[in-house]
Structures are given as C-alpha cells and as structure tokens.
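Q: build me a structure from this.
(2 chains)
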Amino acid sequence: MTTTLLDTVGEKLKTKFGEGIISSEQQYDFPVFTVNINVIYDVLKFLKEDDEMGYTFLTTLCGLHYPNHAGKEIGVMYQLHNMQKNLRIRLKTFVSVNEPKVPTVTTLFPTANWMERQEYDFFGIQFTGHPNLKRILNVDDMVAFPMRKEFPLEDGTRDDKDDKMFGR
Amino acid sequence: MSKDKHITDIEEKEYTTLNLGPTHPATHGIFQNVLKMDGEIVIEGESTVGYIHRAFEKIAEHRPYYQITILTDRLNYCSSPINNMGWHLTVEKLLKIEIPKRVQYLRVIIMELARISDHIICNSVVGVDTGAMTGFLYIFQLRENIYDIFEELCGARLTTNIGRIGGLERDFTPRAWELIDIFIKKFEPALKEFENLLMRNRIFMDRVIDCGPITAEKALAYGFTGPNLRAAGVDYDVRVMNPYCSYEEFDFTIPVGTNGDTYDRFMVREQEMWESLKIVKQAIEKVKKEPAGVFHADVPEFYLPPKEEVYNNMEALIYHFKIVMGESDVPVGEVYQAVEGGNGELGFYLISDGGRTPYRMHIRRPCFIYYQAYTDMIKGGMLSDAILTMSSMNVIAGELDA
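A: Here you go, the predicted structure:
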C-alpha cells in the first residue's frame, strides 16, 4: 500500500478543518489525529455523516490525563469504526484541567451516553450538552475524580505498605 | 360514575415503582433497575450500575504488564480465557512479538472452548428464566467438562489466568488432549438434545419470540457488538473483520438473526456453539501439523524461564529478576487490540510511556456499552419479558462494572 489511511483521511480533514487538526501520526495499526477542542464535534460529525467517510460506529471513548502537559492536561480519545470498509481511526482532543469542557457526542452516537458518564465519573470531564451527566460507577457523593494521576491508588494515610520497589 | 369522573381517573392514574434488584434472584448478578410500572407493563426504567466496581483501570496503572492478566479474568468471568488472551495479544502487539503458529492454534482452542462455555451459560439460563429447567441441567455438565480442561491446562477453573505474554505457560498435556476429545464427543449429542428441548418447542417459541427486540440501526447506534448485534442482523465479528490468532485460516460462518429479539439471540448463540466446535476441531488438526512442543515465542525479556534454569543458569536468573521486577524495556506507544469476547468486541486500549506499568489502560467492555439500551428495550413490555431480555443479552456484572 502506498497511500495509507493516515494520508487519505488526514488530507480530507486538513482541507476541511485546516488549523483544527493539530497533528496526525500512525500508532501501530491506527491513524491517530489530534484535534482542536473547538472543532472536535464538527470533525466527528463530518466523519460520521460524510458519504466518503462513513465512520458511523463509535467503538469506544476514554479519558486521558497528562499532568505535565500545561494547558492541555485532560484529554478524550475517540475511536471510530467504518464497518462497511472495516477502517478504524482514533481521534484525540485536549483541554485544560481547570476547565475540562468537551462537547458531548451523544447526539451523534447514542452509545456515548454511558461512556461519557464514565469518563466524567473518573476524570471530571464536563461533557457540555450531555442529557444526564452524573456519576455512574462510583458513589454519587464522591468528590474526587479517581482516574486522575494525583489520586492515590490506596489510602494515602497508610504507612504499613512500602511501594518503593513494586509501585509505579 | 359520571363521564368526568372517568376522565380524572385516567389522569390520576398511579404508577408503581418497582426495584428490580440489586440482588434479585432472577437477574443473575448485581443489577439494579428502578422500574415505573403500570400493572405488569414497564413504562420506563433506570439502570444503576457500579455495585461491583473494582477500579481495574486504576489498578492496572500500578502493576507491571504480566500482573494485569488476573484483572482481566474478572471482567467476563464466564469466559475468562478470552479476556486473558485479549490482554496478552494487546501487550504482544505493543512489544511486536511474533507468536508461533502452534501457539496461536492452541490459543484458538482455548478461546473457542471458553466461548462455548459462555454461550452454554447464557442459553441455558434463558431456558431457566422461561421455566424450562431441564435443558439447563442437561447442558451444564458440559460446561463442567470445559472447566476440567481449563483446570488441566492452567490449574484454575473460573478465573483462569491462562497463558502468558509471549505464549502459554505450559504445553497441553496428553490428558488435556484426551479431555478435549471426550468433550467434543459428549458435546455434540448433548447440544443436539438441548436444541431438541427448546429450539422448536412451541411453548418456548411463544414465550421468547418478539420479546425485547431491537432493530439493527438502533443496535449499532447503541454500540452493540457480538451475538446481540448479530441477532439484529449485522454480521460484525472481530474474528472475521480484524482477525487475530490466525482466525483467517479457519472455515466458519457467522450466524445472523433478523429481529434482534430474545429468540434470535438464543439462536445466534446456539449456532455459534456449533461454529466454535467446528473451529476447535480444525485447530486440533492444524496443531498436529506444527512442530510439537512449541508453546511460547522466544522472547526471554518477557517470558519467564523454566524454574530449573533460573536456579542453575545465570542468564535465566537475570531474566527472571528483570521480568518479576518489571525492568524489561517496553516501547513507547499506544495500541488497541480487540478480540471477540463472549459478549462482543472486547477491546484493550493501552498507552505505554516506557515505564514498568501502563500509563493508561482502558477496556472496551461490551456489556457496559450495550447494557445502556436495556431500559429502552424493555419499555412497553411485561416485567417477565424484562427478565428474559436481560438474561438473553448476557449481561455479566463483572464486565459491566469493571
């Protein structure tokens, strides 16, 4: 293969969204596009509804946290699948931890409902426009967002466990 | 009674709130659904999940790669080996390890046996929920036989922790081959008998046809995968779309339904068991043609050396230490690997920053994704249909709550 999926989809997105597409790279068998938060909804809509694209199936969606990336600590990864042609792509978008607002994609993919609730639950990502954004796996009165890196796996007050050797 | 009185009666109609679960015996697991009932009809419902949440994704960020396998056991515990293999495949993809053909076929045997045991549970329980206990009692013995095979292969029955990154922990023993043979011989007549009891049984058919149906469009919109999606008529199967473990070399068909109702889900699973059996038989033949005794790839940095070598050989000892302490070099990158689990596309998304543990591990759990359609599917049906819909969707609490 001379032209990869990365090139074809990348070119399409670049011509349509220009600066909105921050970077693109090939990660193993997946083309990965990093998209500006302002256009992420439009990009997903385009990928779903454009006749040539046809990425109609949202495989999964997950939150990311990079505490050292100033200004774009919190991320969301979307993985789309074009089932007819069997093509898969991955999109990422990043926002600041101080205002982790990401537009919801529940209007495009109803399946995103619980996925987004899960990522809100664990990362505190505010999916604007989500019909029922509340905690899903954790208890309702929890205040922390446990999948963020600063949240300890175990109770921080314990001193009977030493993780120097075996912890991360 | 005046006419006006009658109208206000309708306006003031009272609905009953019914708590189905969390520990209802008919839901086979910890599921809570708060249902608004009009008599026996479900008006609407709300699912509460998370009762057995165990924070696997967080724990995985603190454990070296080989220690995460046991977490995957506890996802869909009806078919743990598939989850284990899914995880091994993910890490092997990250490390770019080439797995010998024989190991791939052995893995296929393990995974297909696990799929059969998963489907046995689901289908026989659909029978039980309709009131037909007999089929369940007949076929559950066969699941026991599969667990005997797993016990012979890895020592465990339910949470198997089977295989290692780079292969299997040990070769199939002669006894294991014997058990697989016995199973195949016993399974065919037993499954036939089970089908005779239910498949064309008028009472069963009347009960399950048009119970909890879903259209293909809706199923895709809700992210259905696996037998539930195929029952709605979409022939999506990861084994065919994105083959792993040399599935492309096997000859099998993907059964599809039309209505996506309980009967179709039952039939798709039923047919898949036959297909899985076919794959197991083919895999056994293929294994015979491969060089004997190969059960892992040659990757000393990631595959634990045999114990006697660790005690007598310097190099093996170093590798053993490096693996156990998680000091082996892992490339930086991110991978996604999906396998066709018992319930659908089970995907592992893994980000590695080169450290001894994953930077981030996300599991695409098919149950969690399709269970959100449940309240939509039971709307307007009877309460007893809601129970059947849930059991035929094969929602496994362990996978749902991670």
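Q: which non-adjacent residue is nearest residue 16?
A: Picked chain A for this. Distance criterion C-beta to C-beta, 6 or more residues apart in numbering or on different chains; nearest residue to residue A:16, sequence neighbours excluded, is residue A:46 at 6.3 Å. To be clear about C-beta, it is placed using only N, CA and C from the backbone, and glycine gets the same treatment.
Q: should've been chain B
A: Using C-beta to C-beta, 6+ apart, the nearest residue to residue B:16 is residue B:37, at 4.5 Å.
Q: what's near enough to touch that neighbour?
A: B:15, B:16, B:17, B:18, B:43, B:383 (C-beta atoms under 8 Å, 6 or more residues apart in numbering or on different chains).
Q: likewise for residue B:176?
A: B:149, B:152, B:153.
Q: give me the pLDDT for it.
A: Looking at residue B:176, its pLDDT stands at 91.
Q: count of residues packed around residue A:152?
A: 14 (other C-beta atoms under 10 Å in any protein chain shown).
Q: ditto for residue B:251
A: Using other C-beta under 10 Å, residue B:251 has 8 other residues around it.
Q: thought residue B:26 was touching residue B:387?
A: Yes - judged on C-beta atoms under 8 Å, residue B:26 makes contact with residue B:387 at a distance of 4.8 Å.
Q: for those two, indicate the residue with more neighbours.
A: Applying other C-beta under 10 Å to residue B:26 and residue B:387 shows that residue B:387 carries more neighbours, namely 20 against 16.
Q: which helix or which strand is home to that one?
A: helix B:383-393 (DSSP states H and E).
Q: next secondary structure after that helix?
A: helix B:397-401.
Q: can you tell me how far residue B:114 is from chain A?
A: Counting by C-beta to the nearest C-beta, to the nearest Å, the gap from residue B:114 to chain A is 22 Å.
Q: residues in the stretch 151-300 of chain B within reach of chain A, list them.
A: B:220, B:221, B:222, B:223, B:234, B:236, B:241, B:242 (C-beta under 8 Å from any C-beta of the partner chain).
Q: considering the residues you listed, which possesses the most neighbours?
A: residue B:223 (29 neighbours).
Q: how about that one: what's its closest non-neighbour residue?
A: residue A:111 (3.2 Å).
Q: tell me who's in contact with that neighbour.
A: Contacts of residue A:111 (C-beta under 8 Å, 6+ apart): A:58, B:221, B:222, B:223, B:369, B:372.
Q: for residue B:96, which non-adjacent residue is spatially closest?
A: residue B:331 is the one closest to residue B:96 (C-beta to C-beta, 6+ apart), at 7.6 Å.
Q: ok, that neighbour - contacts?
A: By C-beta under 8 Å, 6+ apart, the residues touching residue B:331 are B:94, B:95, B:96, B:352, B:354.
Q: how about low-confidence regions in the chain?
A: Defaulting to chain A. Along chain A, the model assigns pLDDT under 70 to residues A:1-3, A:156, A:161-168.
Q: the intended chain is chain B.
A: B:1-12.
Q: in it, what residue comes closest to chain A?
A: Nearest residue of chain B to chain A (C-beta to the nearest C-beta) works out as residue B:223 at 3.2 Å.
Q: for that residue, grab phi and psi.
A: As for residue B:223, its main-chain torsions (degrees, to the nearest 10) stand at phi 80, psi 30.
Q: try residue A:30
A: phi -120, psi 130.
Q: can you check residue A:58 too?
A: When quoted as degrees, to the nearest 10, the phi and psi of residue A:58 stand at phi -90, psi 110.
Q: what number of residues lie near the nearest residue in space to it that is not next to it in sequence?
A: Distances taken as C-beta to C-beta, 6+ apart put residue A:109 closest to residue A:58, at 4.0 Å, once the chain neighbours are dropped. By other C-beta under 10 Å, 24 other residues sit near residue A:109.
Q: excluding its backbone neighbours, what's nearest residue A:138?
A: residue A:121 (5.4 Å).
Q: got a PyMOL select line for the buried ones in the contacts of residue B:37?
A: To isolate the buried ones among these in PyMOL, judged by 16 or more other C-beta atoms under 10 Å in any protein chain shown, type:
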select buried, chain B and resi 383
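Q: as CSV, the contacts of residue B:37 with distance to residue B:64 and secondary structure would be great.
A: As requested, these are exported to CSV (distance: C-beta to C-beta, whole Å; DSSP: H, G, I helix; E, B strand; the rest coil):
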residue, distance to residue B:64, secondary structure
B:15, 53, coil
B:16, 52, strand
B:17, 48, strand
B:18, 46, strand
B:43, 50, strand
B:383, 47, helix
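Q: tell me which residues touch the one residue sitting closest to the centre of chain B, please.
A: Nearest to the mean C-alpha position of chain B, by C-alpha atoms, centre = their mean, lies residue B:342 at 2.8 Å. Neighbouring residues of residue B:342 by C-beta under 8 Å, 6+ apart: B:76, B:78, B:79, B:82, B:114, B:115, B:118, B:119, B:122, B:226, B:394, B:396.
Q: the spatially closest residue to it that is not a sequence neighbour: helix or strand, and which one exactly?
A: Setting aside the residues directly before and after it, residue B:342 is nearest to residue B:118 in space (C-beta to C-beta, 6+ apart), at 3.3 Å. Applying DSSP H and E as the criterion places residue B:118 in helix B:101-129.
Q: what residues sit buried inside the strand or helix carrying the residue nearest to residue B:16?
A: Using DSSP H and E, residue B:37 maps to strand B:32-38. Under the neighbour-count criterion of 16+ other C-beta under 10 Å, strand B:32-38 has B:32, B:33, B:35, B:37 buried.
Q: can you redo those residues as a markdown table with distance to residue A:34?
A: Shown next, in a markdown table, are the buried residues of strand B:32-38 (distance: C-beta to C-beta, whole Å):
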| residue | distance to residue A:34 |
| --- | --- |
| B:32 | 39 |
| B:33 | 39 |
| B:35 | 43 |
| B:37 | 48 |
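Q: from those residues, which single one is nearest residue B:262?
A: residue B:33 (16.9 Å; C-beta to C-beta).
Q: about what we covered before: where's the residue nearest to residue B:96 relative to residue B:97, distance?
A: Plainly put, residue B:331 is 11 Å away from residue B:97 if you go by C-beta to C-beta, to the nearest Å.
Q: ok, back up a step: does the residue nearest to residue A:16 touch residue A:54 like I think?
A: No - shown here, residue A:46 and residue A:54 do not form a contact pair, counting by C-beta under 8 Å, at 11.0 Å.
Q: considering only chain A, name the residue that lies closest to chain B.
A: For chain A, C-beta to the nearest C-beta, closest residue to chain B: residue A:111, 3.2 Å.
Q: which residues in chain A form helices?
A: A:5-17, A:40-49, A:112-123 (DSSP state H).
Q: what sits up against stretch B:190-198?
A: Contacts of stretch B:190-198 (C-beta under 8 Å, 6+ apart): B:123-124, B:127, B:132, B:134-135, B:138-139, B:141-142, B:204, B:266, B:270, B:273-274, B:277.
Q: check stretch B:139-158 too.
A: B:77, B:80-81, B:110, B:113-114, B:116-117, B:120-121, B:123-124, B:160-163, B:168-170, B:172-173, B:175-176, B:179-180, B:182-183, B:186-187, B:190-191, B:194.
Q: next: stretch A:130-143.
A: Residues contacting stretch A:130-143 (C-beta under 8 Å, 6+ apart): A:104, A:106, A:113-114, A:116-118, A:120-122, A:126-127, A:146, B:49-50, B:53, B:401-402.
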